[in-house]
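Undergrad: prediction below, plus the sequence it came from.
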Amino acid sequence: MRIFNFSAGPAVLPEPVLREAAAEMLDWHGSGMSVMEMSHRGKEFIGIADKAQSDLRTLLAIPNNYKVLFLQGGAIAENAIIPMNLLKEKSAADYVNTGEWSKKSIKEARKYCAVNVAASAEDKKFTYVPPQESWKLSKGAAYVHVCTNETIGGVEYHWTPDTGDVPLVADMSSHILSRAIDISRFGVIYGGAQKNVGPAGLTLVIVRDDLLDQALPITPSAFNWKEQAEADSMVNTPATYAIYIAGLVFEWLKGQGGVPAIEKQNIAKAALLYDFLDRSDFYSNPVRKEDRSRMNVPFRLRDESLDEAFLKGAKERGMVQLKGHRAVGGMRASIYNAMPVEGVRALVEYMGEFEKRHG
């Protein structure tokens, strides 16, 4: 029996995608072999990778002057790869600190350059996005970095910063493909695949062409965006099976009506859960309403001694991975694209029952 999996990542995948992958496991399209066994240089896999990239470009309306890279190492590796690829002759970058993943980005960047924290939400325990008028951007920064959805804290940008001629770099790991975005407003967008795209092991990087020749000399070839772009992301053997699954997810998403259609579903799912939380005095969500994430919804029980009982009861009802991240505690429901509205309804119904019994 399939359960409702609220994991923050690796996360739930669309069931039709898993069924198709299972059916093709031993023999992909009459090739007599699994995608896992294919040469990444063979025509079969080249076709899979090309279609995946084409579908992603369609879904996100990616302009022609941007390259799409399928890399490895996750967003944490990109935290180091970004300064290596963008600093060139500059020595500083601006970062906005909105939570745990911003902090990891800042820590990694400091190994390569001076980091100016242009704004921080730490004063209110990372429960909001600092308005841009409060940012103190520095002169001569190589780029401005933001994490547009904090998976742990449940904080999301619902607007796009304006950084002028300075490239805007965004970690979109946990909400890419969940909403329409104007790619042209960004210099670089990156994210780990294991939330809305596919299995862990694949990293998406969308980079504007004019930023491909800004790398430090120390940048390894496998992490050099220009070299990878010239080699169609195959300087090294790519994460072939993860790319294949991502391609199936892209096909599924197109079948749902694309990003605009899935965004409407995501708005409805998030409203269902947040509206319940706002009506309750037994549960609470700490995030400022206008900055709440549609993908990751943290919440607390008024009496934290009931946490284990809550999780046990949820598991008995087929709902798992609701425990909050160890950095913040409490609960967290991640409701990515592949989480059906039925899962959110089941969670809200259970939360109401639990409150009646223990409130």
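TA: In hand now; what should we look at? Predicted model, so just to flag it, every value in this text is computed and none were measured. Numbers count the residues shown, from 1 in each chain.

Undergrad: and the next element down the chain from the one helix or strand residue 207 maps to?
TA: For residue 207, the host element (DSSP states H and E) is strand 203-208. Proceeding C-terminally, strand 203-208 gives way to helix 225-230 as the next helix or strand, assigned by DSSP H and E.

Undergrad: avg pLDDT for that next one?
TA: The pLDDT scores in helix 225-230 average 98.

Undergrad: repeat for stretch 338-348
TA: 98.

Undergrad: how about the residue nearest to residue 319 when sequence neighbours are not counted, phi and psi?
TA: Leaving aside its chain neighbours, residue 319 sits nearest to residue 4 (4.7 Å; criterion: C-beta to C-beta, 6 or more residues apart in numbering). Just so you know, the C-beta spots here come from the backbone N, C-alpha and C atoms, and that holds for glycine as well. When quoted as degrees, to the nearest 10, the phi and psi of residue 4 stand at phi -90, psi 110.

Undergrad: check residue 115 too.
TA: Backbone torsions for residue 115, taken as degrees, to the nearest 10, come to phi -110, psi 120.

Undergrad: need the contact list for it.
TA: By C-beta atoms under 8 Å, 6 or more residues apart in numbering, the contact set of residue 115 is 92, 93, 94, 95, 106, 109.

Undergrad: and it, how close does it get to residue 199?
TA: 32 Å (C-beta to C-beta, to the nearest Å).

Undergrad: now residue 330
TA: The gap separating residue 330 from residue 199 is 27 Å, by C-beta to C-beta.

Undergrad: could you name the helices and strands sitting against the longest helix anywhere in the chain?
TA: Criterion DSSP state H: the longest helix present in the chain is helix 258-279. Packing partners of helix 258-279 (3 or more C-beta pairs under 8 Å, 6 or more residues apart in numbering; DSSP states H and E): helix 43-60, strand 283-284, strand 296-301, helix 341-358.

Undergrad: the strand holding residue 207 vs helix 43-60, what angle?
TA: 60 degrees (axes from the mean of the first three to the mean of the last three C-alpha atoms, to 10 degrees).

Undergrad: pairing partners for strand 203-208, with directions?
TA: strand 66-71 (antiparallel), strand 188-192 (antiparallel) (DSSP bridges).

Undergrad: quick one: closest of those strands to residue 287.
TA: Proximity to residue 287 (C-beta to C-beta) singles out strand 188-192 among these, at 20.6 Å.

Undergrad: centre of the chain to the closest one, how far?
TA: When distances are taken as C-alpha atoms, centre = their mean, to the nearest Å, strand 188-192 is centred 8 Å away from the chain's centroid.

Undergrad: now it: average pLDDT?
TA: Averaging pLDDT along strand 188-192 gives 97.

Undergrad: likewise stretch 256-264?
TA: 98.

Undergrad: same question, stretch 78-87
TA: For stretch 78-87, mean pLDDT rounds to 96.

Undergrad: per-domain residue ranges of this structure.
TA: Domain assignment for the chain by automatic domain parsing gives 15-255, 258-358.

Undergrad: in JSON lines, list those along with distance to residue 8.
TA: Output for those, formatted as JSON lines (distance: least, C-beta to C-beta, whole Å):
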{"stretch": "domain 15-255", "distance to residue 8": "5"}
{"stretch": "domain 258-358", "distance to residue 8": "4"}
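
Undergrad: select, out of those domains, the one closest to residue 9.
TA: That would be domain 15-255 among the domains of the chain, by C-beta to C-beta, at 4.3 Å.

Undergrad: quick one: end-to-end length of that closest one, please.
TA: End-to-end distance for domain 15-255, by C-alpha to C-alpha, to the nearest Å: 13 Å.

Undergrad: quick one: residue 258 from residue 175, how far?
TA: In terms of C-beta to C-beta, residue 258 sits 16 Å off from residue 175.
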